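Participant: sharing a model that was predicted from the sequence below.
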Amino acid sequence: MSAPSTNTADTTAIISIENIYLLIGFVVMFLVIRTLQDKGHPKRYSTALFWLLFGNVFLFGDLSVSLFGQAITYQWVGLSVMAIALLAGFGLVSMGTYDTPSDEVKTHSAEKIGNKLFMPAVMIPIVTVVCTLLLGHININDWYLFDQNHLTLASLTLACAVALLIGWKLTSGSPIQALTESRRLVDSVGWAAILPQMLAMLGGVFIVAQTGTAIQDLVTLFISPDNRFMLVVLYCVGMALFTMIMGNAFAAFPVMTAGIAVPFLIQGHGASAAPLVAIGMYSGYCGTLMTPMAANFNIVPAALLDLKDKYQVIKVQIPTALALLAINILLMYGVIFND
Amino acid sequence: MSELNLLPLSGIVVVVLGFALRFNPLLVVTAAGLVTGWAVDMQFLALVETFGEKFMNSRQLASFLLILPVIALLERHGLQQRAQSWISSIKSATTARILSVYFVVRECSSALGLLSLAGQPQTVRPLLAPMALGAASNVHGELPKEVKDMICAHAAACDNIAMFFGEDIFIAFGAVLLMDAFLRENGIEGIEPLHIGLWAIPTAIAALIVHLFRLARLEAKITHAVATYNSQPNKLSEELS
């Protein structure tokens, strides 16, 4: 290399983010084929179409950008997304039929294999962490093993592959069988698998529409600049509520902090910035625990655990979230003011 | 400041109404995007392009799909049954103790930045939930579906709460860097990520105390729910909902 560069964006990696997307695309397409083969599936074709539209974005998204440019790609992806929403919205996506062994068979197999059965599951986090921390930057002539901008995700992908191979050895179930089996889990998550991306999309529209500024204007209507305690309450509760709407505290943080905390608390009352932002962000996290919009934390697990009430995880979290929100308010009021 | 413009907020109204009326969330969110774009006079094609761009650029959120094949394969060969029977062999294991130990380990490890050490698809579904269930059925025998759901929901909640309130202590975590960058942009000098991480500790400790206290009471709640089920099966579902 002639010029020293600290920019890792252009380096080549074997497990690059593009390749991970391709892999996800292949996995989803495999599930589409299996869905089409499932003769007993009550909504065979519409469920297959739902996942086909989703898988396309992973399989052909990057290719389409390089062939036809961003504008056309984003347009067909946008239209696909709307079709996905319509399919899910009209209840055309459902579980199929699966060839699952009885509990007796499973218990028998568990006794045969013993505690070694835990090994692949335990290997996923271990391999991920080891690769991220120790092997993350290995390279030969700037050919990296892991995508330098997506180190954890690349490590996780390798870890899943390793676990799959160990699982193959232990159970004699091949990776293809593992993929076939995973349809049961993917279908039980269903539309919730796509919700996080849909919310990122809504967040993008809100940025273009300057929804944050409008919220800021609205909130400042309620402010009485001299009442310190009410300012703290408004900031913390505002963080929690806006996070509940956006599903993500990171989206709420700049809006609420620029709208309330900086002008009224830091500049107005000389509040310490470090505890203010740290506790403010945690107030947002209290909101994350209480909203279906944080789908990957609250709705996907309910689906994965086969809960009858999809909001039960949220219901269990609400008491802790409200208690911590109250504690955050008192703590912030107690520590940020210096006079 | 100019006069108040509430039109950009129309999408939020759609979200709140849509969830309240229990429409499918994908439909609600897409409708909210369309309404917001329409309210601020975006061109339809530009709006569709924004949809596509953001959806494309957030594809990493679907990476949990890669974990599911391994978990599904292991489950076919009895992973959940093994987790339950292994816990049954440890006589002192109770649901509350298992969840409490998990909570402490998860919060400490995420404070050290080891967020990917656990998670809903890779640990809660295959290991933590079956273990918590196994410990409960050790004591109470076969559990009614309502009680199983309650225990599973607590397992999922443990993972979320422990991770959330541990992660901001780790100064290289995205949230801390976001706060740091925000303060710099707004001309507030002299704050290091370390200060922000330190001020995350009090709330992290509060989360630990509050949630462990709730878990300590979970055991009694399970006993009560099982007793209610055995005497009046119909009353239980009303009570827990």
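Facilitator: Sure, I can see it.

Participant: distance of residue B:85 relative to residue B:96?
Facilitator: For residue B:85, the distance to residue B:96 (C-beta to C-beta, to the nearest Å) stands at 20 Å. C-beta: built from backbone N, CA, C; applies to glycine.

Participant: the two - which one has more neighbours?
Facilitator: Neighbour comparison, residue B:85 and residue B:96: the larger count goes to residue B:96, with 22 against 16 (by other C-beta atoms under 10 Å in any protein chain shown).

Participant: quick check: buried residues in the helix or strand hosting that one?
Facilitator: Secondary-structure assignment from DSSP states H and E places residue B:96 in helix B:95-111. Neighbour counts using 16 or more other C-beta atoms under 10 Å in any protein chain shown place B:95-100, B:102-104, B:106-107, B:109-111 of helix B:95-111 among the buried residues.

Participant: list just the nearest of those residues to chain A.
Facilitator: Distance from chain A was checked for each of the buried residues of helix B:95-111 by C-beta to the nearest C-beta. The minimum falls on residue B:109, at 9.1 Å.

Participant: give the contact list for that closest one.
Facilitator: Shown in contact with residue B:109 (C-beta atoms under 8 Å, 6 or more residues apart in numbering or on different chains): B:117, B:118, B:166.

Participant: among those residues, name the ones in helices.
Facilitator: Among the contacts of residue B:109, the ones falling in helices (DSSP state H) are residue B:166.

Participant: hmm, which of the contacts of residue B:109 is lowest in pLDDT?
Facilitator: The member of the contacts of residue B:109 with the lowest pLDDT is residue B:117, at 77.

Participant: which SSE is the closest residue to that one other than its chain neighbours in?
Facilitator: Counting by C-beta to C-beta, 6 or more residues apart in numbering or on different chains, the nearest residue to residue B:117 once its immediate chain neighbours are dropped is residue A:125, at 4.4 Å. Following DSSP H and E, the helix or strand that holds residue A:125 is helix A:118-130.

Participant: then residue A:237?
Facilitator: Residue-wise, residue A:237 maps onto helix A:228-246 under DSSP H and E.

Participant: need the contact partners of the helix or strand that comes right after that helix.
Facilitator: Reading on from helix A:228-246 to the C-terminus, the next helix or strand found by DSSP H and E is helix A:249-256. When contacts are taken as C-beta under 8 Å, 6+ apart, the neighbours of helix A:249-256 outside the stretch itself are A:203, A:206, A:212-213, A:215-216, A:219, A:235, A:238-239, A:242-243, A:245-246, A:277, A:280-281, A:284-285, A:287-288, B:174-175, B:178-179, B:182.

Participant: quick one: the strands in the stretch 101-250 of chain A?
Facilitator: Secondary structure of the stretch 101-250 of chain A (DSSP state E, counting those that start in this stretch): strands at A:139-140, A:143-146.

Participant: whether the longest one contacts chain B - can you check?
Facilitator: Same thing as strand A:143-146. No - shown here: strand A:143-146 not in contact with chain B (C-beta under 8 Å from any C-beta of the partner chain), separated by at least 13.1 Å.

Participant: strand partners of that strand, parallel vs antiparallel please.
Facilitator: Using DSSP bridges, the strands paired with strand A:143-146 in its sheet are strand A:12-15 (parallel), strand A:139-140 (antiparallel).

Participant: any idea which of the ones you listed is most buried?
Facilitator: When neighbours are counted by mean count of other C-beta atoms under 10 Å in any protein chain shown, the highest per-stretch mean among the strands paired with strand A:143-146 falls to strand A:12-15, a mean of 17.

Participant: would you map the helices across the stretch 201-339 of chain A?
Facilitator: Along the stretch 201-339 of chain A, counting by DSSP state H, counting those that start in this stretch, helices occupy A:211-220, A:228-246, A:249-256, A:268-269, A:273-288, A:295-304, A:312-335.

Participant: from the chain's centroid, how far away is the fourth one?
Facilitator: The reference is to helix A:268-269. Averaging C-alpha positions (C-alpha atoms, centre = their mean, to the nearest Å) puts helix A:268-269 37 Å from its chain's average.

Participant: and the fifth one, by the same measure?
Facilitator: Its chain's average C-alpha position is 20 Å from that of helix A:273-288, according to C-alpha atoms, centre = their mean.

Participant: which secondary structure elements does the helix ranked longest in chain B contact?
Facilitator: Scanning chain B for the longest helix, with DSSP H as the assignment, gives helix B:201-231. With contacts defined as 3 or more C-beta pairs under 8 Å, 6 or more residues apart in numbering or on different chains; DSSP states H and E, the packing partners of helix B:201-231 are helix A:273-288, helix A:312-335, helix B:95-111, helix B:129-140, helix B:145-167, helix B:233-240.

Participant: let's see it at 7 Å
Facilitator: Here helix B:201-231 is seen to pack against helix A:312-335, helix B:95-111, helix B:145-167, helix B:233-240 when contacts are counted using 3 or more C-beta pairs under 7 Å, 6 or more residues apart in numbering or on different chains; DSSP states H and E.

Participant: ok, the helix or strand harbouring residue A:65 near chain B or not?
Facilitator: Using DSSP H and E, residue A:65 maps to helix A:44-68. Yes - using C-beta under 7 Å from any C-beta of the partner chain, we find that helix A:44-68 touches chain B at A:57, A:58, A:61.
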